[in-house]
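Asks: my questions are about this predicted structure, shown below with the sequence.
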Amino acid sequence: MAELLQVEGAGVRLGGRQILRDVSFGISPGEFTGLIGPNGAGKTTLLRVILGLQPVTSGSVLIDGSPRSARDASIGYVPQKLVIEPDMPLRVRDVVSLGVDGHKFGIRLPSRARRELVSDMLTAVGAQRYANARVGELSGGEQQRVMIAHALISRPRLLLLDEPLANLDISSEQGIVSLLARLARAERIAVLLSAHDMNPLLSVMDRIVYVAGGRVAVGSTDEVVQPQVLSRLYGQPVDVIRVRGRILVVAEGDTDLAAKAADIGVAG
Amino acid sequence: MFSGLMMNTWIAATVVAVIAGVVGFFAVLRGSTFAAHAIPNGAFAGAAGADLLGLNALVGLAVFSLAGALGIAALSRRSRHDVATALTFVMMLGVGALFVGWSTEYAAEAYSLLFGEVFGVGTDQVLPIVALGIVAIAAIIVMFRPLMLSSAMPEVAEARGVSGPRMELGFLLVMALATSMTVPVVGALLMFSLMIGPAATARAVTARPMLAMSLSVAIALVTAWIGIVVSYRTNWPLGFFVGVIGAGFFLLGRGWAGVRRWLVVRAAVPA
Amino acid sequence: MIVSHLLRYVFEPGFFGSGEVQVAFAVGTVIAVTSAVVGVFTVTRGQSFAGHSLGDISTTGGSGAFLLGVSQFWGYLVLGAAAAAFMELIGVQRRRGRDVATGVVLGAGTGLAALFLYLDTQSSSTTGVSFTILFGSLFAVTGSTAPALIASALLALGTVLVLARVLMLTSLSPDIAAARGVPVRAVGVAYLMALAVSVALSSMIIGAILSTALLIGPAATALRVARGPVRTMAVAAGIGVAAIWIGILLAYDSYYWPPAGRGWPVSFFVVTLTVGGYLISYLRPGPRDDRSRAAEPESPAEEEQVCSPA
């Protein structure tokens, strides 16, 4: 079966530094993949490469077997925290509407069909309640839902999200994860979601692409999150600690273990 | 060119360049470039208008630049900074237009406020200029640490009790003071160029604050001095040379920064 | 009865009969609408300073053309467009870098203005030129030039409307736009050119002061009180048109007012109305009233990291 997304031996070199090296993995339709790794590991770079925003210096990225063309609507994208001015005149419904044709030039007259399409999408992500609010006035979780609606309304087959769970409180986190899992299954959309903490995703991930030291390890959580595998990636001794259903990855030189533990919700 | 009368010109221009270099450094750092244009030009409009109505132009200048500083600071609390500046600016210009419309004559004094009469600075004017210059520099020195902190790292400053709005107001007031004293000398058109060009160049070349500020002053001085020499020889307005030289320095500075970046990348490639 | 009495008091007899006034209204309306719509994007993109500077620089172009004996229309447009191109060329992607680039170009343009005005005073005895150019005169537009001006303004307006959705998507997220195939930089340049043309025209017709006032004021007010892009642009246009109509009216009425018996200038009235309108919108809470620093898009600290060499 042709993979929806196939990354083969991809490498990226920027400003004299090798950010990514020999990255290979594939994503099948409907698969939920977690792109996990510490901050600064290259997750955002990898996502940008898939989107076509960053050229690879070696290797290839293929969508449905061919290189990505600019107008390809098959990939939806939810960037990391957006900087939105409070007085930006876009309401939530306007943002979602832009997901359909915001990239096109010209004037479009309002139509009932569009209104209904937007409304349905807003209801699907649970944002109908604040449809007329200014997008700059939303909380982090609300904004996340709106941007997911924006990305999904053009019916992509692959949805990329860059650290969508950072800066969210626990309940918002869980809300977003279950929303994504539900929509992905219902519409058979593949999801590639980057995070520095894999724990909220353990129950929904089909596979994990673990990024560290510019390289990746690909497989199921049990296969990849192992001390030997990760130590090879990081290039230094790494411990994997499992506590109360949570996984904590500790590299040498991680001085503040308590903070890390607290960060993933394991007290003490 | 170094006769008695010209000495006044050199002294006055030097003091103005130093002030412009320092105030401009902060203006560029704080993103108040627009305010650096609005306050001198708005003040000019008011002064010209006041003068045409028979009121003291310098008082008009001081009042309008003060009003400008207060207006921008007040509106900035609830508006974007550049919108606050734009609206305050046009209001000053509108009132200036009103005064001009009321008067029935055209006075050379107003013209000189636009261009300045640095070549005709009287000895009796030099002392107040130097005195006001010292006051402005002193104000900056007093405010220096909190102003630097608030300009470069506003959240940290707030956490340490340095109020952002208060620093903004303080800075704008210093700019108003600097304007009042420099516009009669070098004119409204020129003050802005002297504040922005050198400071922008300095910032393009280095991010270290003290170095950038010193560089800003140095470039302002060089620009003003070269400008005086050429303007003296050709009789063309000083403002023209300052504007063009300022832009030239800026392009050089950006070019230098670009070359340095390219050299760094090249050095790192074999890895 | 009272109404007609009131109307007769406000509208001097023969007001609308004057050809001069008719042209002023027509042109003023088109300029107000164009400026307001372009202004909405200018304010949200944080380019108010650029919008103002292009007005000043265009005006310099007009002086230059006047000196050379060439058509002022082209002087305004060419220098305005050239300045916009320069700003884009030497500008930086980050907002503050852009303002500084704008400032440097303005400084050079201002210097040119100084030169032109100086040369003008050398060549002729008319020293009133500088004030007219700074303060503008709506009633100086003649019936013959009006069609060309209106057409150019509509062209700029049309360009911005065609770019509107793409501009909004880019403001929302340049990455999403780029990933969807939008040529982000080219769109920014096209918009800046439309801004330059719009501002050049308005500076030419109504003066540099009003050009800025009508660009920023109505848009800033609309952004506070309206939601949704279409509604915001409509409200801005409405405010702009109202300001210029009432401004023209008051200027006409003020003919016999003290102190000079020559009328108060239109620019004063229109500016007061636009700024006043904005201040009135303060009565109701608006989107930026909760000035938490988190709302500032780029802290200078980021700028420091980004701008430091190597």
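Replies: Looks like it arrived, so ask away.
Asks: got the residue ranges for the helices in the stretch 101-250 of chain A?
Replies: A:112-125, A:140-152, A:170-187, A:221-224, A:227-234 (DSSP state H, counting those that start in this stretch).
Asks: what number of residues lie near B:Val63?
Replies: When neighbours are counted by other C-beta atoms under 10 Å in any protein chain shown, B:Val63 registers 18. In this view, the C-beta of every residue, glycine as well, is placed from N, C-alpha and C.
Asks: check which helix or strand the closest residue to chain B within the stretch 101-250 of chain C maps to.
Replies: Using C-beta to the nearest C-beta, C:Gly111 is the residue of the stretch 101-250 of chain C that sits closest to chain B, at 2.2 Å. Using DSSP states H and E, C:Gly111 sits within helix C:95-123.
Asks: that helix close to chain A?
Replies: No: against chain A, helix C:95-123 shows no contacts by C-beta under 8 Å from any C-beta of the partner chain, the least distance being 10.4 Å.
Asks: which residues of the stretch 1-150 of chain B score low on pLDDT?
Replies: Applying pLDDT under 70 to the stretch 1-150 of chain B picks out residues B:1-2, B:4-5, B:104-118.
Asks: tell me the residues of it that contact chain A?
Replies: Applying C-beta under 8 Å from any C-beta, we find that the stretch 1-150 of chain B lies next to chain A at B:Arg80.
Asks: for chain C, what is the nearest residue in the stretch 1-150 of chain B?
Replies: B:Gly94 (3.3 Å).
Asks: one step back: burial check on the closest residue in space to the residue of the stretch 101-250 of chain C closest to chain B that isn't next to it in sequence, number of neighbours?
Replies: Distance criterion C-beta to C-beta, 6 or more residues apart in numbering or on different chains; nearest residue to C:Gly111, sequence neighbours excluded, is B:Gly243 at 2.2 Å. Neighbour count of B:Gly243, defined by other C-beta under 10 Å: 32.
Asks: is B:Gly243 in contact with C:Ala108, as I believe?
Replies: Yes: shown here, B:Gly243 and C:Ala108 form a contact pair, counting by C-beta atoms under 8 Å, at 4.8 Å.
Asks: pull up the overlap in contacts between those two.
Replies: B:Ser193 (C-beta atoms under 8 Å, 6 or more residues apart in numbering or on different chains).
Asks: now do the helix holding C:Gly111, average pLDDT.
Replies: Averaging pLDDT along helix C:95-123 gives 81.
Asks: list the helices and strands that helix packs on?
Replies: Applying 3 or more C-beta pairs under 8 Å, 6 or more residues apart in numbering or on different chains; DSSP states H and E, we find helix C:95-123 packed against helix B:33-52, helix B:108-115, helix B:188-205, helix B:238-268, helix C:48-68, helix C:72-90, helix C:129-135, helix C:300-307.
Asks: all helices of the stretch 1-150 of chain B, in order?
Replies: Under DSSP H, counting those that start in this stretch, the stretch 1-150 of chain B gives helices at B:4-30, B:33-52, B:57-76, B:81-102, B:108-115, B:123-152.
Asks: gap between the nearest residue to the residue of the stretch 1-150 of chain B closest to chain C once chain neighbours are set aside and B:Met191?
Replies: For B:Gly94, ignoring the flanking residues on the chain, the nearest one in space by C-beta to C-beta, 6+ apart is C:Val271 at 3.3 Å. Between C:Val271 and B:Met191 the computed distance is 23 Å (C-beta to C-beta, to the nearest Å).
Asks: between the two, which has more neighbouring residues?
Replies: Taking neighbours as other C-beta under 10 Å, C:Val271 and B:Met191 compare with B:Met191 leading, 32 against 29.
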